[in-house]
Structure formats: structure tokens, C-alpha cells
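> Got a predicted model here, sequence first, then my questions.
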Number of protein chains: 2
Amino acid sequence: MKLPVSTEWLLHCAATLAQLESGATASAAQLAGYYDLPAPYLAKQLQALVKAGVLSATTGPRGGFRLGRPASEITLLQIVEAVDGASSPYECREIRQQGRGALPPEQCLRTCVIAEKMADAHEAWRRSLAGVSLADILTTLPSTAVPRTRSILTDTPSPHN
Amino acid sequence: MKLPVSTEWLLHCAATLAQLESGATASAAQLAGYYDLPAPYLAKQLQALVKAGVLSATTGPRGGFRLGRPASEITLLQIVEAVDGASSPYECREIRQQGRGALPPEQCLRTCVIAEKMADAHEAWRRSLAGVSLADILTTLPSTAVPRTRSILTDTPSPHN
């Protein structure tokens, strides 16, 4: 059970964009340079966050990415599920209905209790991540973080550096 | 983020073994027939549960698998982690320490707050599964389940059927 490596990238990029001045953007190349990540793959993943409404993208020579809504309304769950999808890690293939021990369909009208307990655990995981917003993350950063982040992103000399 | 397909197999096999009379065993072939599963791969996975202490294995012509401890002391978490390992689905590769935005080591003495929140979610998932034992699962089954399970497993004519 593994989340994609890019989960870390997108969580950090979103937290970085949350530190920009209102209206400011950063390009995929700038974000890739900030964390030394492969720009083309990161760009694709950033588009997934745009699709989920977590980010918005502006085009043009000064275009780039910014948050799609206030940092207090973007949760870690929304970012993780934009990257990896929202399906449960546990797959129930109804083996209770196959083989010598197969239960008849009328005894399988309710969800299997094992699948139910696995779904409960997934919901506990989701609730935990839904309880943390980008704004919450920002409150934990030292006071030097935001000016530092803005300065490094602004200083990036070229979008391909 | 996916658990192996065999997670369902092992959860069901363990719940099935929990229904046997004290001291009774079932072979990998019997369990495979009960759920129509590939016996060699199931046998390998059952050994992982033995290694974790969830099951114990007896050898010989009448040998097989039974619970390694009382059903009330076996949790869904122990079974899932015997199959898939106990590591978190989120991997932190410390990208905060690389690229143009790299933080100096002295600012990275504490775990990254994002990794911390992802670990909290994994712990919520683990707690949920640790709160459900095989005995809890058995209390949800209809009264006909245990005699039916025992009868089907006992009637299996040959260990290779």
C-alpha cells in the first residue's frame, strides 16, 4: 500500500503556493527548481490539482499556478486524492460468494462485515487528512518561512532554471 | 494506494479458521477450495500469517492451519500488516532539503509537519483496524454460519479438491 512519490511533491508545492502574495503565481518550472523535481512530470501533476479545484492556472508569459481557493479551504485530503484518487486501498471481490463455501446471494444483500470494517478504517484516514488545511500547515512554519519562500521563487532568473 | 488482492483472502481465511472447533485445522488446499483461490499462492500467504503469530501450522497428513492465539486477540490490523507490511503509504523523501528552496539541516531537526500529518492519518487507520478482532467479526455472523463452515470444511473429500 503505497501513495505515489509525487504525493510529497504536490503537498509541498501546494503549501509553497499558499505562501505567495495574493494574486501571485509560480510556474511549474519555478516549483520544480524550488524542490529539484522533474518539471514535465510535476507540471502534469499540478494540472491534476487544477482539475480538482485545489489550484488555478493562468496562461501567458507571466502565467503559472496559484491556489484555487483560500488556504483554509484546501485540505491535505483534497490534495492527496487529486494525486492518487479517492478509492479505498482495500478491494472486496466478494470471495464469500465463490468456491465450496459460497454464500447464496440472499445472504449477501448487506456489505460483507470485513469490507465494512476496512471501509471504516479508510474513513478514519480520510477524516484525519480532511481535518488539516494548508492554513493549518502554514501556522506551524517559522515567521521567516513566508518571506524566504517568496524571495526564492521571485529570484528564479528564468522559468527553465 | 492499493492493498494486495490477497488481503481479502487472508482476512476471510482467518475468520474461517476462527470458526473451527478448538484444535481442528484446515489445510491450504481446503481453504483454497472453500473460496476458490489459487492454492500455492494462498499457502505462501498463510505462512506469512504463521510468521506473524496470527496462525499456527501443524505438519503431517492431518496437519494444517489454526489460529495462533484466541480470536479475541487477533485484530484485523495484525492480519493486514502480516500480508502487506506495516509501513506507511506516504513516503517522505525530504524534498524540503533539496533544490533552490532547500532548508538548512538545522531547520530540519524536527519531522516535516506534512509527514507528521500523513503519519497521524496512518495511525488513525491502524487504530481503526486494531479495534476489530476476529471475535468481533464472529459475533456479527448468523447463528447458522459456524456449523455450516465446519461442515463444508470437514466434507472436503481430498486435500487437493
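Nice, thanks for sending it over.
> how deep is the nearest residue to residue A:52 once chain neighbours are set aside tucked in, by neighbour count?
In space, and not counting its chain neighbours, residue A:52 is closest to residue A:82: 3.7 Å by C-beta to C-beta, 6 or more residues apart in numbering or on different chains. From N, CA and C alone the C-beta is placed, and that goes for glycine too. Look at residue A:82: counted by other C-beta atoms under 10 Å in any protein chain shown, it has 23 neighbours.
> neighbours of residue A:139, just the number please.
Using other C-beta under 10 Å: residue A:139 sits among 8 other residues.
> That one and residue A:110: what is the separation?
Distance, residue A:139 to residue A:110, by C-beta to C-beta, to the nearest Å: 43 Å.
> cool, residue A:136 as well?
Counting by C-beta to C-beta, the gap from residue A:136 to residue A:110 is 38 Å.
> Same question for residue A:102.
According to C-beta to C-beta, residue A:102 and residue A:110 sit 16 Å apart.
> go on, residue A:1?
Plainly put, residue A:1 is 26 Å away from residue A:110 if you go by C-beta to C-beta.
> quick revisit: settle it for me: which of residue A:136 and residue A:110 has more neighbours?
residue A:136 (15 against 9).
> Which helix or which strand is home to the more buried one?
helix A:134-139 (DSSP states H and E).
> For residue A:3, which non-adjacent residue is closest in space?
residue B:89 (4.6 Å).
> Per-residue pLDDT of the one you found, please?
Residue B:89 carries a pLDDT score of 95 in this model.
> Helix, strand or coil: sort out it for me.
When classified by DSSP: H, G, I helix; E, B strand; the rest coil, residue B:89 comes out as coil.
> same check, this time on residue A:111
The three-state label given to residue A:111 by three-state DSSP is coil.
> what's the distance between it and chain B?
11 Å (C-beta to the nearest C-beta, to the nearest Å).
> what number of residues lie near that residue?
So residue A:111, with other C-beta under 10 Å, has 12 neighbours.
> Regarding it, what are the backbone dihedral angles?
Main-chain dihedrals, residue A:111, degrees, to the nearest 10: phi -60, psi 140.
> Contacts only, for it.
By C-beta atoms under 8 Å, 6 or more residues apart in numbering or on different chains, residue A:111 lies in contact with A:92, A:119.
> which residues in chain A form strands?
With DSSP state E as the criterion, chain A has strands at A:55-58, A:64-67.
> Out of the ones you listed, which one sits most buried?
strand A:64-67 (a mean of 21; mean count of other C-beta atoms under 10 Å in any protein chain shown).
> Run through who's touching that strand.
A:13-14, A:17-18, A:20, A:23-28, A:30-31, A:46, A:49-50, A:54-58, A:74, A:134.
> hmm, which of those residues are the buried ones?
A:13-14, A:17-18, A:20, A:25-28, A:30-31, A:46, A:49, A:54-55, A:57, A:74, A:134 (16 or more other C-beta atoms under 10 Å in any protein chain shown).
> In helices, which of the residues you listed fall?
Members of those lying in helices (criterion: DSSP state H): A:13-14, A:17, A:28, A:30-31, A:46, A:49, A:134.
> Reformat these as CSV; add pLDDT.
Formatted as CSV, these follow (pLDDT from 0 to 100):
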residue, pLDDT
A:13, 97
A:14, 98
A:17, 97
A:28, 93
A:30, 94
A:31, 96
A:46, 95
A:49, 97
A:134, 98
